[in-house]
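Chemist: I need the structure of the sequence given here:
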Amino acid sequence: MIIYIFKKIVTFLFIICVLAQISFCLVYFSPHSTFNINNLSFLDAYSAFFKQLLQGQFRLLTGETVPFLHTLLATFELCILALFVALLIGLPLGIFLGLSNIHWLNNIIRLGSLSLYSCPIVMVVIIVMYWLSPTWSISMNFNVSPSVAGTSLLDLLISSKTDKWHMIFDQLYYLFLPIIILAIQPSIMTIQLVSQNVRNTSRQNFIKMAIIRERSPFKILRRHLLPNSIPATIPQLTYNTTTLLFSTMVIEILFNRVGLGQWVMLAYHHHNYFVISIAILACGTVISLLTLLGEISAVVIYPLRHKEHYV
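Modeler: Residues are numbered from 1 along each chain as shown. Below is the predicted model:
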């Protein structure tokens, strides 16, 4: 298992290195690059680019500093929270659909899931804002202070402020509605994948033998059914990370949260190709990191799962 995880981490680092080279080329040959205006050689520009990348900040020609790591962390945090909520909602409903024989209830859940999945996320946000605007004022407040709208939960947890827990609860209050809306599509995908895998696993011969040997249905579920069906679902959920990242960027724009969404929108509005080039690296990093975490989580939950790649 350790060798398998190490190979996945090496692959992730290789992908990030390739994306970094592509991003540097786009930055170096962009019309308003600080490297070209300062007449830096290719090697000096290459060294300066990766020095700024490791520092997590890029300095533009106007003197403005672009917080790369802070922006990346804010978007990645929102994706992780949405996936966590999707698992909390999707796993129980998926297991229920996979094992339930109540056809009319199964059809209602599937119909509701497909209806929500077919709705564009922008339309969902607008409808929710319209319904909650009289009572949930923060959802329509586009003048929220940066201490609330642009602060990462991780930054608050590691800070030494005396009122950090109060700020964390304020941040969670602000993020509650975006996370719920963002978790709709991953929850539906989780329900569909888990129910399909649970249904297929329950028809296997070893499950039938376990039903004969075990008396408690909860032991069958915990020892045999879930360990053989859930790990297969987690890597499949990470295949839609591109859609999740796009939805996260839309949510950040609509809810005025600092992240890749606002970063790219402002860069496109001001024709700042330097920031757009860095955003390509940021988006690739988020997608690759989510995929890596999904594959590692599947192996940690069920260590024998990775052996199927060598059969």
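Chemist: could I get the buried residue list for the helix or strand hosting Leu281?
Modeler: Taking DSSP states H and E as the criterion, the element that holds Leu281 is helix 273-301. Buried residues in helix 273-301, defined by neighbour count with 16 or more other CB atoms under 10 Å: 273-279, 281-296, 298-299. In short, each C-beta sits where N, CA and C put it, glycine included.
Chemist: go on, stretch 226-235?
Modeler: Taking 16+ other CB under 10 Å as the neighbour-count basis, stretch 226-235 is seen to contain the buried residues 226, 228-235.
Chemist: helix or strand next in line after the lengthiest helix in the chain, which one?
Modeler: The longest helix of the chain (DSSP state H) is helix 68-99. Next helix or strand after helix 68-99 toward the C-terminus (DSSP H and E): helix 103-118.
Chemist: what sits up against that following helix?
Modeler: When contacts are taken as CB atoms under 8 Å, 6 or more residues apart in numbering, the neighbours of helix 103-118 outside the stretch itself are 93, 97, 100, 124, 184-185, 188-189, 191-192.
Chemist: now stretch 40-58
Modeler: Contacts of stretch 40-58 with the rest of the structure, by CB under 8 Å, 6+ apart, involve 20, 24, 27-28, 35, 59, 65-70, 274-275, 278.
Chemist: widest-spaced pair of these?
Modeler: Among the contacts of stretch 40-58, the pair separated by the greatest distance (CB to CB) is Tyr28 and His70, at 23.7 Å.
Chemist: how about low-confidence regions in the protein?
Modeler: Flagging of the chain using pLDDT under 70 yields the residue ranges 31-34, 36-38, 59-64, 66, 132-151, 214-215, 238-239, 301-311.
Chemist: just the strands in it please.
Modeler: 57-59, 65-67 (DSSP state E).
Chemist: dihedrals phi and psi, Ser160?
Modeler: Recorded main-chain torsions at Ser160 are phi -100, psi 20, according to degrees, to the nearest 10.
Chemist: number of nearby residues for the closest residue to Ala210 other than its chain neighbours?
Modeler: Spatial nearest neighbour of Ala210, chain neighbours left out: His224 (4.5 Å); criterion: CB to CB, 6 or more residues apart in numbering. Here the count is done by other CB atoms under 10 Å, and His224 has 20 residues near it.
Chemist: I figured His224 hits Gln204, correct?
Modeler: No. Using CB atoms under 8 Å, His224 is not in contact with Gln204, being 9.1 Å away.
Chemist: circling back: so how do I select the buried members of the contacts of stretch 40-58 in PyMOL?
Modeler: Restricted to buried positions by 16+ other CB under 10 Å, the PyMOL selection for the contacts of stretch 40-58 reads:
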select buried, resi 20+24+27+28+35+66+68+70+274+275+278
